[in-house]
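Participant: here are the coordinates; sequence isn't available:
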């Protein structure tokens, strides 16, 4: 699912490097200036500003193998990490901003909704729009979570609530969990009406149950 | 003699009569009396033999009877002893069986009591479990669909704040 986006990003970066042949030989400031003219994700720009030619070649080669489903390790791949950072801290905001009903809309309604969030028509933006229209909420977040796991060894984080959580709280939860685990985490938010109220938080197999259902079960158990 | 003749008594006739009677007597004695006597003797002997034999038989019979009586008494005594022995054995066996049955009865009663206690405990447990299920259903029935949306939203925020701490 993310392969299209990563492929297009590599192609765009390659085009950029072809038209900026001395990019890796330039200073940090010149690199920054050159990158201001292109619409790459900020984390990718930061990576390109700091990376050497050899490391870039190694990272790109490893990423291409990943795209071909080869069993490569991405923990040392800063390029993969920069892409993952963009997806977790930027693209996921777009995903979180859509209500769950969005994913039940027909294709044309989804296109309309996506165009209001991602206004750009660049090749990269088109791949992101395609991700949002061709996949379910769970599939998108699972895809990003897989990449985060390969790149940052991120734990699986699931947040269950009885109703939809607003975007700001989702961002807050994401940032807090990432701080806590000291890894780039992408929480998967699920609506579970059985909780009745409160929250249930799963981090890497451990659960913190603040739900009303959990409290009712606790009371019932204590009565036994 | 003439006087006898006047009476009608003929001495010759009487003599002849006497001689005839004598002959008759001799003949009768020889041909009748002796055989009869012999026969009677024989018969008497026979009868007395028979009586003797009968006495012997009677004696033997009485002896045998006495023997039989003594045997019978002996057998009866033995039988009586056997019967008494059997009765004692039966009584003893009866007592043993009764004791065994009593002990089995006690065991069964004890087992039944344990079973009853276990089942009562299980029934109480089941009743408690069902009661808790009912309580849970009632609570869920109250909170499901009856709590305003803003309260639920507030609970999410409260839970998150609690987690942050």
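Facilitator: Right, received. Where do you want to start? Treat the numbers as computed from the prediction; the structure is a model and nothing was measured.

Participant: mind listing the helices for chain A?
Facilitator: Assigned by DSSP state H, the helices in chain A fall at A:3-19, A:28-35, A:42-50, A:53-67, A:78-86, A:92-97, A:107-117, A:123-134, A:137-152, A:167-181, A:212-223.

Participant: for chain B, what lies in contact range of chain A?
Facilitator: If contacts are counted using C-beta under 8 Å from any C-beta of the partner chain, the residues of chain B sitting beside chain A are B:128-129, B:132, B:135-136, B:139-140, B:143-144, B:147, B:149, B:151-153, B:155-160, B:162-164. To be clear about C-beta, it is placed using only N, CA and C from the backbone, and glycine gets the same treatment.

Participant: could you redo the last one with a cut-off of 7 Å?
Facilitator: Residues of chain B that fall close to chain A, judged by C-beta under 7 Å from any C-beta of the partner chain: B:128, B:132, B:135-136, B:139, B:143-144, B:147, B:149, B:152-153, B:155-156, B:159-160, B:162-164.

Participant: of the residues you listed, grab the buried ones for ChimeraX.
Facilitator: Buried residues within the residues of chain B next to chain A, by 16 or more other C-beta atoms under 10 Å in any protein chain shown, are selected in ChimeraX with:
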select /B:136,139,143,152,153,155,156,159,160,163
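
Participant: among the residues of chain B next to chain A, which lie within helices?
Facilitator: Per DSSP H, helices hold the following members of these: B:128, B:132, B:135-136, B:139, B:143, B:149, B:152-153, B:155-156, B:159-160, B:162-164.

Participant: where are the low-confidence patches of chain B?
Facilitator: Regions of chain B meeting the criterion pLDDT under 70 cover residues B:1, B:145.

Participant: identify the residues contacting residue A:193.
Facilitator: For residue A:193, the residues meeting the contact criterion (C-beta atoms under 7 Å, 6 or more residues apart in numbering or on different chains) are residue A:162.

Participant: where does chain A have low pLDDT?
Facilitator: Of all residues in chain A, none has pLDDT under 70.

Participant: give me every residue in it lying close to chain B.
Facilitator: Selection of chain A residues close to chain B by C-beta under 7 Å from any C-beta yields A:161-163, A:165, A:169, A:173, A:176, A:196-199, A:201, A:208, A:210, A:212, A:216, A:220, A:223-224.

Participant: of those residues, select the buried ones using a ChimeraX command.
Facilitator: This is the ChimeraX syntax for the buried subset of these, where burial follows 16+ other C-beta under 10 Å:
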select /A:161,162,163,165,169,173,196,197,198,199,201,210,212,216
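
Participant: possible to save the helices of chain A as CSV with distance to residue B:25?
Facilitator: Supplementary listing: these in CSV, determined by distance: least, C-beta to C-beta, whole Å:
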stretch, distance to residue B:25
helix A:3-19, 179
helix A:28-35, 200
helix A:42-50, 189
helix A:53-67, 178
helix A:78-86, 181
helix A:92-97, 179
helix A:107-117, 179
helix A:123-134, 177
helix A:137-152, 169
helix A:167-181, 174
helix A:212-223, 149
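
Participant: what's the closest of those to residue B:44?
Facilitator: Comparing the helices of chain A against residue B:44 with C-beta to C-beta, the closest turns out to be helix A:212-223 (127.0 Å).

Participant: angle of that closest one against helix B:149-164?
Facilitator: The directions of helix A:212-223 and helix B:149-164 differ by 70 degrees, with axes from the mean of the first three to the mean of the last three C-alpha atoms, to 10 degrees as the criterion.

Participant: which residues are contacting helix A:212-223?
Facilitator: By C-beta under 7 Å, 6+ apart, the surrounding residues in contact with helix A:212-223 are A:194, A:195, A:196, A:197, A:198, A:200, B:132, B:135, B:136, B:139, B:143, B:155.

Participant: which residues does the third one contact?
Facilitator: By C-beta under 7 Å, 6+ apart, the contact list for residue A:196 reads A:162, A:211, A:212, A:213, B:143, B:144.

Participant: 8 Å - rerun?
Facilitator: Taking C-beta atoms under 8 Å, 6 or more residues apart in numbering or on different chains as the contact definition, residue A:196 lies against A:162, A:211, A:212, A:213, A:216, B:140, B:143, B:144, B:147, B:152.

Participant: quick one, what contacts residue 135?
Facilitator: Just going to use chain A. A:1, A:143.

Participant: wrong chain, I was asking about chain B
Facilitator: A:220, A:223.

Participant: check residue B:140 too.
Facilitator: For residue B:140, the contact set (C-beta under 8 Å, 6+ apart) comprises A:196, A:216.

Participant: try it again with 10 Å
Facilitator: For residue B:140, the contacting residues are A:194, A:196, A:212, A:213, A:216, by C-beta atoms under 10 Å, 6 or more residues apart in numbering or on different chains.

Participant: how about residue A:108?
Facilitator: residue A:133.

Participant: against chain B, how distant is it?
Facilitator: Summarising the geometry, the distance separating residue A:108 from chain B, computed by C-beta to the nearest C-beta, to the nearest Å, is 30 Å.

Participant: most tightly packed of the helices of chain A?
Facilitator: By mean neighbour count, with neighbours taken as mean count of other C-beta atoms under 10 Å in any protein chain shown, helix A:78-86 ranks first of the helices of chain A at a mean of 23.

Participant: just checking, what packs against that one?
Facilitator: Contact analysis of helix A:78-86 by 3 or more C-beta pairs under 10 Å, 6 or more residues apart in numbering or on different chains; DSSP states H and E lists helix A:3-19, helix A:42-50, helix A:53-67, helix A:137-152 as its packing neighbours.

Participant: repeat the analysis, applying 6 Å as the threshold.
Facilitator: helix A:42-50, helix A:53-67, helix A:137-152 (3 or more C-beta pairs under 6 Å, 6 or more residues apart in numbering or on different chains; DSSP states H and E).
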